[in-house]
Each structure stands twice: as C-alpha cells, then as structure tokens.
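Trainee: Please work out how this folds:
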Amino acid sequence: MRIFRLNTNGSSRTVGLIGEGLIGSAIAASLNRHQPVSSDIHFPSYHQNDLDRVWTTVNEYLLKFKTSGAVDWIWSAGKAGLLASEEECAREFSFFEAFLDRLFQHRNNCNDRLHLVSSAGGLYEGQRLVTHQTKPAPTKAYGHLKLRMEDRAGAQFKHCHIYRPTSVFGAFKPGHRMGLITTLMVNAYQQKTTLVWGAPSTLRDYVSATDIGQFIGGAVLSETKGNSTTHILASGKPTSTQEIVHLIQAITQKQLYLRFVDATNSADITFAKNNDYSPHWQPENLETTVRHIHHQLLGL
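Mentor: Got it, this is the predicted structure:
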C-alpha cells in the first residue's frame, strides 16, 4: 500500500493505492510522473488482523501530509485469478469488506472516493460484442467475486469509480503477473513450454497495463469527478490465441512451445468495436505495445 501526496492544477491531492501488481504498478508509474511525495505502508500479509496496525500507520501519514479533504483510494489488490476457487474468492472478498469497514471507521464523513479495479473478463465471460449496456453474467467464482466487490463498493461510496479491464498484459517483472502475451515472450527466449488456459481459437480482447494505468491515474487526478462511473477498458479488437502466438514468433524470431489445457476456459469474450467505452480511453495498437514490451525485455 502506498500513500501519495500530489500537487496538480494548483491544488494538493492525497491518493491511497492498495495493490501494486500488474495494474497497480502501472497506476503508480502514472502517478509518479507528477513527482509526488509518497510513503510505503507494508502489508505483512492479506489478513484482517493486519488491518488495525495498517490503519494506524495510514492515519499517521494522512496527518503528516496535512490531509483535510477527501482522499482518493484505488483498490487494485488481489491474488485470485479467473480459475480461482470459491474458497479463495470468499477469502478475498472478506478481506476487501474488512478493509472498507476500517476505512469508514477511520474516515467517517470524509466524502472519500473509491476507484475499484474490477475485471471485464470475469464479468462477461462467454459473452460477445459486449457494450456498456451488456449485463454482467459471470460463470465462475472469480466473476461473482468481482460483481460482489462492485456492489459492495457502490453501496458504501457516494463517489465510486469502477474500471473493468479486459485481458491485461504488461512488462516483465520477476514475481509479478505478466499476462499471456509477456509470458509467451519470456518463455520464447528461455525455450520453455507455456501452459495456455484455453484453445488456439479462443478470442480475447488484449489491453496493456500501461494504458490502463495512465487512464486510471488520469481519472483519479481529474477535476471532474461526478458521483459514480463504470468504465469498460477494452480495445474492441478481438484476437485469437493463435494470432497472438504468430505475433510473438514474428517479433522474437523464436519457436514457441505450447500446451493447451482446461477447455472450460476457452469461451470467447469480445467487445464491440468503436463503442464509446469511456472518454479519453485510447489504448495503443496491440502490435506496437507488444514490440515496446519486447524492447524492454531485451533492454533496448
């Protein structure tokens, strides 16, 4: 967890970021461009027993930063993935709920804002040409978890901003999730077999963590807040697993070794092209982004 104190547009703003994995680290990078003062607060583990100690430290930093107005809280934490069990998802929701309870206990009547990173893949699994009007219909525990989190956050926060990214990929960072595209690239150079959860024909909508981080960072710092918003962060350009494999092979000039597993994860998830998902959301072209990550991987 990290607390940022930023000066933008002639005013100060305090932002709390919970979770710095694939998407969270990209959000942090976006906020860091504004040269903030920031302080790290270490979570020994995602257990509720840690929360009281953490909140004592949070309050110390809020006093240090002379925070008097609303705080923007960004929740991008979580260990569960699309194939997570009911037990894993229940444990994650319990921690999220406990965190919100502590937040309101310590920040009562402060009119704080919550920015929640959800999952379009979990919510719309098996649906095609999704738009803002499409009703989420999760089929797995992970999707139900994300929907419960959205409902809980929306019920508790007057200003709740939800972000539903599609299939995310990002730069290589040891110990962090990377997404299918970067995993294929890393394994190509190491000549390792990649386990692919799906089928060669499975269609997904790929977006980069960098684009997501920049969008969410910009939304957090925007002067126009509104009450509550929901953003689908998709490219609107479905790509099959086989097309991704061909792209990685062309860029790396390496042979890829694959093993496709679990047919239950092969349902297509596509999003309508040219749908007005969110103002200012303009993701980079897929090939351009993949080449950029390839350059980073090679240290170019």
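Trainee: Run through this structure and note the low-pLDDT ranges.
Mentor: Across the chain, the ranges flagged by pLDDT under 70 are 43-48, 109, 223-226, 263, 274-277, 300.
Trainee: Please identify the longest helix in it, counting by residues.
Mentor: Across the chain, the helix with the greatest residue count (assigned by DSSP state H) is helix 86-106.
Trainee: buried ones in it?
Mentor: 88-89, 91-93, 95-100, 102-103 (16 or more other CB atoms under 10 Å). Quick note: C-beta positions are derived from backbone N, CA and C, even for glycine.
Trainee: try stretch 197-213
Mentor: Residues of stretch 197-213 classed as buried: 197-199, 202-213 (neighbour count, 16+ other CB under 10 Å).
Trainee: what about the helices in the stretch 101-250 of the chain?
Mentor: 120-123, 141-156, 180-190, 209-221, 241-252 (DSSP state H, counting those that start in this stretch).
Trainee: Could you save these as CSV and add columns showing distance to residue 229?
Mentor: Shown next, in CSV, are the helices of the stretch 101-250 of the chain (distance: least, CB to CB, whole Å):
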stretch, distance to residue 229
helix 120-123, 15
helix 141-156, 11
helix 180-190, 28
helix 209-221, 8
helix 241-252, 31
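Trainee: wait, which of these is closest to residue 108?
Mentor: Relative to residue 108, the nearest member of the helices of the stretch 101-250 of the chain by CB to CB is helix 141-156, separated by 11.6 Å.
Trainee: ranking the helices of the stretch 101-250 of the chain by burial, who's on top?
Mentor: Per residue and on average, the most neighbours among those fall to helix 120-123, with a mean of 25 (mean count of other CB atoms under 10 Å).
Trainee: ok, residues contacting it?
Mentor: Contact with helix 120-123 is made by 82, 130, 136-138, 140, 142-143, 145-147, 164-167, 204-205, 232-234, 269, 271, as judged by CB atoms under 8 Å, 6 or more residues apart in numbering.
Trainee: cool, stretch 178-194 as well?
Mentor: 22, 167-172, 196, 204, 206, 209, 241, 244-245, 248-249, 251-252, 254-259, 290, 293-294, 297.
Trainee: Going along the chain, name the strands of the stretch 151-300 of the chain.
Mentor: 159-165, 167-169, 193-197, 203-204, 206-208, 228-233, 239-240, 257-261 (DSSP state E, counting those that start in this stretch).
Trainee: Any idea which of the ones you listed gets closest to residue 217?
Mentor: strand 159-165 (11.2 Å).
Trainee: Report all helices and strands that the closest one contacts.
Mentor: The contact analysis (3 or more CB pairs under 8 Å, 6 or more residues apart in numbering; DSSP states H and E) places strand 159-165 against strand 113-117, helix 120-123, helix 141-156, helix 209-221, strand 228-233.
Trainee: For the closest residue to residue 78 other than its chain neighbours, give its distance to residue 75.
Mentor: Sequence neighbours aside, residue 92 is the residue nearest to residue 78 in space, at 5.8 Å (criterion: CB to CB, 6 or more residues apart in numbering). Residue 92 sits 11 Å away from residue 75, going by CB to CB, to the nearest Å.
Trainee: looking at the strands of the stretch 151-300 of the chain, which is buried most?
Mentor: The most buried one of the strands of the stretch 151-300 of the chain (mean count of other CB under 10 Å) is strand 206-208, showing a mean of 25.
Trainee: and the longest helix of the chain, how far from the chain's centre?
Mentor: Offset of helix 86-106 from its chain centre (CA atoms, centre = their mean, to the nearest Å): 18 Å.
Trainee: Give me the angle between it and strand 113-117.
Mentor: 170 degrees (axes from the mean of the first three to the mean of the last three CA atoms, to 10 degrees).
Trainee: Which strands or helices does helix 86-106 pack on?
Mentor: Applying 3+ CB pairs under 8 Å, 6+ apart, one finds that helix 86-106 makes contact with helix 51-64, strand 71-75, helix 141-156.
Trainee: List the buried residues in the first one.
Mentor: In this case it means helix 51-64. Under the neighbour-count criterion of 16+ other CB under 10 Å, helix 51-64 has 51, 54, 55, 58, 61, 62 buried.
Trainee: For the residues you listed, give me a markdown table that also has distance to residue 16.
Mentor: Conversion of those to a markdown table gives the following (distance: CB to CB, whole Å):
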| residue | distance to residue 16 |
| --- | --- |
| 51 | 13 |
| 54 | 11 |
| 55 | 11 |
| 58 | 7 |
| 61 | 9 |
| 62 | 9 |
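Trainee: how near is the nearest residue to residue 257 once chain neighbours are set aside to residue 260?
Mentor: Excluding the flanking residues, the one nearest residue 257 by CB to CB, 6+ apart is residue 193, at 4.3 Å. From residue 193 over to residue 260 the distance is 11 Å, taken as CB to CB.
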